[in-house]
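J.: No sequence on hand, only this structure:
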């Protein structure tokens, strides 16, 4: 659990649920990143299928040329199993007609741990977005390339042709956004036309125009925090037969697909392309082309955040991507379960399963550490068997009455062990709220309040705090490590 990092936006609920082991599998809907991004960020497997391989029937649309439904899972094997269950032709979604004779009911047959042997994989360097400030991410990506080579793959640096032209079209007036707006209007109107009122005579919204009118009638509630300019722009677009829309869609597909990814794959005789899943143009290229993209966990940044890599190729290449992704996953074993900090006793004979105690309360707790580096590492060296020697502290806050903020350093005294907290911040019975003080995260606590928390720090360290006594009412307690500094 990280309260200082975003799980992304669309489909992030699916990503978080899988990452936290709250569910084995989930589904996401992607237009241009909403499966791949939350999968990479949350350290899980995400498969964006070829547009038309899975049905969108019943899904609230954005744009039918790009929308696709795919699995978000803990493993590639799980993704293959789910894909077999949802792939196929559906009369309610005309796009799935293209899947006739090109889908499988069981993609698990493509799970081959040796699939990297002899594979030819291209790294399109002009699509990778790793700069000078991304040394830790670059290290993880380079390590992933080493895994590919070690398992017998030939890794070739390539460039996807036409990047400048593609970028110019992407940002042009008749580019990606225009195509999205045209399709959003048409697709949403079609979707809403199939809805029915909850009861006869009830207020009902069955078009984009009525959505906009509803927002404007209730602007204080609906538009207080953000506007709906994109809805208005979409409503101003014409129909899907207009030349501007058709030309924009055709150009984008050509530049991303035939003249872009397909050309690179063919020119270099590649089985697939390989980039960082998030820090690259893979998401936008595969979105415009309608091609599949598989994100697989590759490791963690210096700050302990997951980093994913992506395998992608032409339409209906899911069997190849599953083969390669599975072989990489089995070789790298980079995915880690959600972190859980448990006290493990020297002897637990007679304890019920899952119920642990420290045999000597005067000794520091020993932790079983499972999860990303940087989230559970203590201020002390590793103590045998992967456990971590972590102590609790009583911290007396010294308050500057003029600034109502923490002044100087705190006094730290070790105390006897108590049950540790397994999340970044866990407040027990307190009225605590987050505030900003001089641009830093802080906590507003009551006088004499006891605070129980584990604060993740920078550089793979953490401070574990049991009691924090505010020296005066309304004191602002600014804890070192709370905001990563």
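T.: Received it, and whenever you're ready, just let me know what you need. In this text, all values refer to a predicted model and were calculated from it rather than measured experimentally.
J.: now the helices: where do they sit in this protein?
T.: Counting by DSSP state H, one finds helices in the chain at the ranges 12-19, 36-42, 76-86, 135-150, 163-170, 176-193, 208-217, 219-222, 229-236, 243-253, 262-267, 282-289, 318-332.
J.: Which one of those helices lies nearest to residue 275?
T.: Closest to residue 275 of the helices of the chain, according to C-beta to C-beta: helix 282-289, at 4.9 Å. Where you see a C-beta, it was placed from the backbone N, CA and C, and this is true even at glycine.
J.: what angle sits between that closest one and helix 243-253?
T.: Helix 282-289 and helix 243-253 are oriented at 130 degrees to each other (axes from the mean of the first three to the mean of the last three C-alpha atoms, to 10 degrees).
J.: Touching helix 282-289 from outside, list them.
T.: Helix 282-289 is contacted by residues 30-33, 36-37, 48, 66, 127, 160, 166, 170, 176, 252-253, 255-257, 260-262, 273, 275-277, 291-293, 310, 312, 315 when judged by C-beta atoms under 8 Å, 6 or more residues apart in numbering.
J.: one step back: deepest-packed of the helices of the chain, please.
T.: helix 36-42 (a mean of 29; mean count of other C-beta atoms under 10 Å).
J.: same for that one, what does it pack against?
T.: Identification of packing neighbours for helix 36-42 by 3 or more C-beta pairs under 8 Å, 6 or more residues apart in numbering; DSSP states H and E yields helix 12-19, strand 25-30, strand 45-48, helix 282-289, strand 293-300, strand 306-312.
J.: for the nearest residue to residue 22 once chain neighbours are set aside, what are its contacts?
T.: Sequence neighbours aside, residue 16 is the residue nearest to residue 22 in space, at 7.9 Å (criterion: C-beta to C-beta, 6 or more residues apart in numbering). Remark: with contacts taken as C-beta under 8 Å, 6+ apart, residue 16 is in contact with 7, 22, 38, 42.
J.: what does residue 174 give?
T.: With C-beta under 8 Å, 6+ apart as the criterion, the residues that contact residue 174 are 244, 247-248, 251.
J.: Now flag whichever of those is closest to residue 141.
T.: Out of these, the one with the shortest distance to residue 141 is residue 251. That distance is 31.0 Å, counting by C-beta to C-beta.
J.: of the contacts of helix 282-289, buried ones?
T.: Burial of the contacts of helix 282-289 was assessed by neighbour count (16 or more other C-beta atoms under 10 Å); the buried members are 30-33, 36-37, 48, 66, 127, 160, 166, 170, 176, 252-253, 255-257, 260-262, 273, 275-277, 291-293, 310, 312, 315.
J.: Straight-line length of stretch 260-275, end to end?
T.: One end of stretch 260-275 to the other measures 15 Å (C-alpha to C-alpha, to the nearest Å).
J.: Quick check: closest non-adjacent residue to residue 98.
T.: In this structure, residue 98 finds its nearest non-sequential neighbour in residue 52, 4.2 Å apart by C-beta to C-beta, 6+ apart.
J.: Export the helices of the chain as CSV, with columns for distance to residue 299 and mean pLDDT.
T.: As requested, these are arranged in CSV below (distance: least, C-beta to C-beta, whole Å; pLDDT from 0 to 100):
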stretch, distance to residue 299, mean pLDDT
helix 12-19, 15, 92
helix 36-42, 11, 96
helix 76-86, 16, 97
helix 135-150, 4, 97
helix 163-170, 27, 93
helix 176-193, 31, 95
helix 208-217, 43, 95
helix 219-222, 42, 93
helix 229-236, 36, 95
helix 243-253, 33, 96
helix 262-267, 26, 98
helix 282-289, 18, 97
helix 318-332, 8, 98
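J.: before we move on, back to that, wait, the residue nearest to residue 98 touches residue 318, no?
T.: No. With contact defined as C-beta atoms under 8 Å, residue 52 and residue 318 do not form a contacting pair (11.8 Å).
J.: any idea how far the nearest residue to residue 312 once chain neighbours are set aside is from residue 178?
T.: Leaving out its chain neighbours, the residue that sits closest to residue 312 by C-beta to C-beta, 6+ apart is residue 293, at 4.3 Å. Using C-beta to C-beta, to the nearest Å, we find residue 293 at a distance of 23 Å from residue 178.
J.: repeat for residue 24
T.: The span separating residue 24 from residue 178 equals 40 Å under the rule C-beta to C-beta.
J.: Could you do residue 34 as well?
T.: Here residue 34 is placed at a distance of 20 Å from residue 178 (C-beta to C-beta).
J.: burial count for residue 279?
T.: 21 (other C-beta atoms under 10 Å).
J.: Thought residue 137 was touching it, still the case?
T.: Yes. At 6.2 Å, residue 279 and residue 137 qualify as touching, with contact defined as C-beta under 8 Å.
J.: Which residues are in contact with each of those two?
T.: Counting by C-beta under 8 Å, 6+ apart, the shared contacts of residue 279 and residue 137 are residue 130.
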